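Peer 1: Pasting a predicted model and its sequence here:
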Amino acid sequence: MSASVLDLKNLSVRFATPEGEVAAVSELSLSVGKGECLGIVGESGSGKSQTFLAAMGLLARNGRAVGEAIFGGINLAAADENTLNRLRGNKLAMIFQDPMTSLTPHMKVGHQLTEVLVRHRNLKFPAARDRAIAMLRRVQISEPERRFEMYPHELSGGLRQRVMIAMALMCGPELIIADEPTTALDVTVQAQILDLIRRAKEELGTAVILITHDLGVVAGMADRVGVMYAGRIVELGEVHQIFNAPQHPYTKGLLACTPRLDDATASALVTIPGQPPDLQQLPTGCAYHPRCGNVMERCRAAAPPLMSTGGGGLKACFLENFGSVQAGTVVP
Amino acid sequence: MNGIKFTSAPAAPGEIAGEFTGRSLWQDAWRRLLANRAAVAGMIILAGIALASVIGPFLLPWSYDSIDWEHIEALPPQFSTGHYLGTDSLGRDLLARTLFGGRISLMVGLLATTVALLIGVTVGAVAGFVGGRTDQLLMRFVDLMYSVPLTFFVIILMVVFGRNFALMFLAIGAVEWLTMARIVRGQTLTLRNKEFIEAARASGGSTANIIARHILPNVLGVVMIYVTLTIPQVILLESFLSFLGLGIQEPMTSWGMLINDGAAELEINPRTLIIPATFMTTTLFCLNFLGDGLRDALDPKDR
Amino acid sequence: MTLPLLQVRDLKVHFQVRAGGIFFANYLPLKAVDGLSFDLAAGETLGIVGESGCGKSTLGRAILQLLPATSGSVAWLGKDLTALDRAELKAHRRHMQIVFQDPLASLDPRMTAGDIIAEPLRNYETGLSSAAIKARVREMMEQVGLLPSMVNRYPHEFSGGQCQRIGIARAMILKPKLVVCDEPVSALDVSIRAQVINLLMDFQRALNISMLFISHDLSVVRHISRRVMVLYLGKVMELADRDAIYGAPRHPYTQALISAVPIPDPEKERAKPRVLVAGDLPSPLDPPSGCVFRTRCPKATNICALTVPVLESAGVGHEVACHHWRD
């Protein structure tokens, strides 16, 4: 990775709640290289979405980002609304889980597509229209001229997500942040959408941050994978290393408790005991320690920092002997 | 199934096993209501006003309809004569009249609202939950009742049954339940399609059972708000009917009537307006606080 | 073979959907379930997979008589449930339960966990004392991995996984013979999903429950089911034993579904052939003629548009509805 597109440095996200401030993301640092696909995996409440919403300046009103998110020399976490508006939809694009919430219901699809071009590229409408229709064709929407004139609710979920991708690609962004882009879709449509994202990355050299809870999706798409738990990265590494030789007990547990299509053992699944922690009452030390099968005294006392695994990756775990990492509870 | 222990069912870590006793929604709601200061204050003041209205008139030196001939003109508050809040333009004790009026107003408010509540909630919940033809039938009847003018309705009642105090409660209640039924039906329609209702049906619950156990507790919050809005509405409606000569008659009185009379002599004698109005607004305020408190108390999400 | 627990024969559930019309409503038939037949043996788990709009949830509800069937029969130990009156149905219902997809929405927000779990008992075992109910609830809570001290909490105070455990406790407290699981783990986090799957499988074995496991997640279905039925737009595409479905799928749709599921293994996932099915699901209001899958099928020919393929045998207990499955 020669140069990075996005650099997060000690990024924290806090939310003000009636019960006091809650840290959704704690001092997270990572970088995304040019043309790279970084997969971010985590369960709900792990802070995987909030991290990148903060980077886009899209936090909810009671949220506050501290730290740096450097994109093209600008710290997005501290940028004003004008700067953000100039970047968003232009150099920096986002795809959400539910396209219906990110498309305006009363505007024709075509207008929403051309709006980006008119605003960021100063194109006149006819030129923008041609570009938009070409882009719709590129994301494999049949009859693009007809769809251009349609309203979002007239499209199926899969088509809407294609429109979102077309919109994201309109200005040739350097980075696309895709937050659970296929969670609401059927598997056959999911495969189509993932294929589109993969091609955008390969053909246009766009860097992609793929946020998902689905390990299968990450395995097929990502170059590197970051695993998040309770607002922190617990493991970060190259995709093959994460899946073949996970170094953190949580990563290992996640992999073990996912039912696999290619494995038909009828025995009970391995499980991780307990449930993800309540962010308001995080355990002391390592947030994963109450569920960890390898917990040691020091895990309760202090949170492990991210350290090198030796294989080029990073992990936040005190455990030295990787071979003995317990995936979880095996039910006899 | 005794004795089955699943290893797949690990208890959540870090929890301390506590007492195993059941608590009902109502116990919980009461506890939460008592924790709400505004609601408790509202309750206490309301109780005070109600108590004063019920027993107050017995303790005062003047009765609500006796005229103090020595002070036939409106008198400012005096302790020597026993007119603690003065008299009205006919020399009747204002405090006695206000308290007596409170009796009537609160009774009308309470009874008419209860009637409206019972009929409205039942009809609305049944129409909304059962749906189909039952719904059509009940709701068309509601529409029909809506189209009958209130005064006309009351006059017919008077003609048929003769002037009767209880009739007024009935007449007002018969009108107020219509809106209540519509509100409850709307709420029920949205609840009906929720999964927990389906779950209740799958668990063998009968229609009456599901309405009582699942629909009613869930519409109560909205109903409570509407009740607190209905009571003042009913109190005002009563004064309107009385003004038309269809309600209660002098020398009996109610807050609505007192305010009406007071408004007429606002410039000469503002006291006759301010005193009953203060009682009434205080009551309405307290009802609102109590209503809000009840709604919050009945919603377990709002702790 | 003894009588199957459940025999579904040519079950159809059609809805009337309002489509336009200014003065007179114009109704279109939506064939959510269109002529399904299958048997379910005691203690067997049948997985039902399909994409959104394939009618899998409707099927589950129609079997439990939560939705009226348009035609066809659902026979419970030989007795047709669709013909029963209310009292008879109630008596049968205690043996059939359902676990829902959305754990929070399936619990009454104004009831405590204890009341929710006790509800079926209060409906069916009216003679029980409150102490006996309490004991049963407590036992149930322990079995599903909830602390009895949580009995007074309301649904919103629980996590998604815990809510689903409450839903399972409610479904299991009467020791049912059939449980319909409608996407029971789709809304749960990965680490919780495995716990709930194991819990369901434990109950299934301990009580010898027949289970209809409805899911869009083929990996989960493979794990939990003995047989699998693949649905598309209200019709059966393929029905076979698990290993046959996953090892040697005959129907092009099943093949496409299986190839579309991402495998959490970078080598396998990147090496596997990518069979992309074109397009989106057709609108169920206007299904294609002939074979409903033909508009997206790579093998489609003229005959597919003309005749509806019938289910034919492609091996022992293996049925396929395709004109071209031999190719």
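Peer 2: Thanks, I have it. Numbering: from 1, shown residues only, chains lettered A, B, ... in the order given.
Peer 1: do stretch A:9-22 and chain B meet at all?
Peer 2: No. Stretch A:9-22 stays clear of chain B (C-beta under 8 Å from any C-beta of the partner chain), getting no nearer than 10.3 Å. Every residue, glycine included, has its C-beta placed from N, CA and C.
Peer 1: Only the buried residues of that stretch, if you could.
Peer 2: Using 16 or more other C-beta atoms under 10 Å in any protein chain shown as the test for burial, stretch A:9-22 gives A:Leu11, A:Ser12, A:Val13, A:Arg14, A:Phe15, A:Val22.
Peer 1: ok, now stretch B:286-301?
Peer 2: Buried residues in stretch B:286-301 (16+ other C-beta under 10 Å): B:286-300.
Peer 1: Kindly report the same for stretch C:208-220.
Peer 2: Using 16+ other C-beta under 10 Å as the test for burial, stretch C:208-220 gives C:Ile209, C:Ser210, C:Met211, C:Leu212, C:Phe213, C:Ile214, C:Ser215, C:His216, C:Asp217, C:Leu218, C:Ser219, C:Val220.
Peer 1: close to chain B, is that stretch?
Peer 2: No. Using C-beta under 8 Å from any C-beta, stretch C:208-220 stays clear of chain B, coming no nearer than 11.4 Å.
Peer 1: B:Glu250 belongs to a helix, doesn't it?
Peer 2: No. Under DSSP: H, G, I helix; E, B strand; the rest coil, B:Glu250 sits outside any helix and is assigned coil.
Peer 1: Pull the number of nearby residues for it.
Peer 2: 10 (other C-beta atoms under 10 Å in any protein chain shown).
Peer 1: do B:Thr98 as well
Peer 2: Neighbours around B:Thr98, by other C-beta under 10 Å: 28.
Peer 1: cool, A:Leu136 as well?
Peer 2: Number of residues near A:Leu136 (other C-beta under 10 Å) recorded here: 25.
Peer 1: show me what contacts it?
Peer 2: By C-beta atoms under 8 Å, 6 or more residues apart in numbering or on different chains, the contact list for A:Leu136 reads A:Leu113, A:Pro144, A:Arg147, A:Phe148, A:Arg162, A:Val163, A:Ala166.
Peer 1: What are the phi and psi values at C:Arg326?
Peer 2: Dihedral angles of C:Arg326 (phi, psi; degrees, to the nearest 10) stand at phi -80, psi -20.
Peer 1: Would you mind splitting chain A into its domains for me?
Peer 2: What automatic domain parsing lists as the domains of chain A is A:4-222, A:248-324.
Peer 1: Just tell me which of those domains ends up closest to B:Gly91.
Peer 2: B:Gly91 lies closest to domain A:4-222 among the domains of chain A, at 57.0 Å (C-beta to C-beta).
Peer 1: And the closest one, how far out from the chain middle?
Peer 2: Relative to the chain's own centre, domain A:4-222 is displaced by 9 Å; criterion: C-alpha atoms, centre = their mean, to the nearest Å.
Peer 1: Stretch A:262-276 too?
Peer 2: Put simply, stretch A:262-276 sits 25 Å off its chain's centre (C-alpha atoms, centre = their mean).
Peer 1: what's the answer for stretch B:234-246, then?
Peer 2: Offset of stretch B:234-246 from its chain centre (C-alpha atoms, centre = their mean): 17 Å.
Peer 1: and it, which residues are buried?
Peer 2: By neighbour count on 16+ other C-beta under 10 Å, the buried set for stretch B:234-246 is B:Val234, B:Ile235, B:Leu236, B:Leu237, B:Glu238, B:Ser239, B:Leu241, B:Ser242, B:Leu246.
Peer 1: Check stretch C:288-306 too.
Peer 2: C:Pro288, C:Gly290, C:Cys291, C:Val292, C:Phe293, C:Arg294, C:Thr295, C:Arg296, C:Cys297, C:Lys299, C:Ala300, C:Cys304.
Peer 1: on contacts alone, who are the packing partners of the lowest-mean-pLDDT helix or strand in chain A?
Peer 2: Every helix and strand in chain A was compared by mean pLDDT, DSSP states H and E; the lowest is helix A:99-102, with a mean of 75. In terms of contacts (3 or more C-beta pairs under 8 Å, 6 or more residues apart in numbering or on different chains; DSSP states H and E), helix A:99-102 is packed against helix A:157-169.
Peer 1: ok, is the helix it packs on in contact with chain C or not?
Peer 2: Yes. Residues of helix A:157-169 contacting chain C under C-beta under 8 Å from any C-beta: A:Gly157, A:Gly158, A:Leu159.
Peer 1: I'd like to know how many residues surround the second one.
Peer 2: I take that to be A:Gly158. 22.
Peer 1: And the residue lying closest to it once chain neighbours are set aside, how far from C:Val277?
Peer 2: Take A:Gly158 and drop its neighbours on the chain: the residue closest to it by C-beta to C-beta, 6 or more residues apart in numbering or on different chains is A:Val189, 3.9 Å away. Distance, A:Val189 to C:Val277, by C-beta to C-beta, to the nearest Å: 9 Å.
Peer 1: ditto for C:Asn152
Peer 2: As judged by C-beta to C-beta, C:Asn152 and C:Val277 stand 50 Å apart.
Peer 1: Same check on B:Leu117?
Peer 2: B:Leu117 is 57 Å from C:Val277, by C-beta to C-beta.
Peer 1: So C:Asn152 and C:Val277 - more neighbours on which side?
Peer 2: C:Val277 (23 against 19).
Peer 1: rewinding a little: now flag whichever of the buried residues of stretch A:9-22 is closest to C:Thr70.
Peer 2: Among these, and counting by C-beta to C-beta, the member closest to C:Thr70 is A:Phe15, at 49.5 Å.
Peer 1: Which elements pack onto whatever helix or strand that closest one lives in?
Peer 2: If you go by DSSP states H and E, A:Phe15 is part of strand A:4-17. On a contact count with 3+ C-beta pairs under 8 Å, 6+ apart, strand A:4-17 meets strand A:20-33, helix A:48-55, strand A:63-71, strand A:207-212.
Peer 1: 10 Å instead?
Peer 2: On a contact count with 3 or more C-beta pairs under 10 Å, 6 or more residues apart in numbering or on different chains; DSSP states H and E, strand A:4-17 meets strand A:20-33, helix A:48-55, strand A:63-71, strand A:175-179, strand A:207-212.
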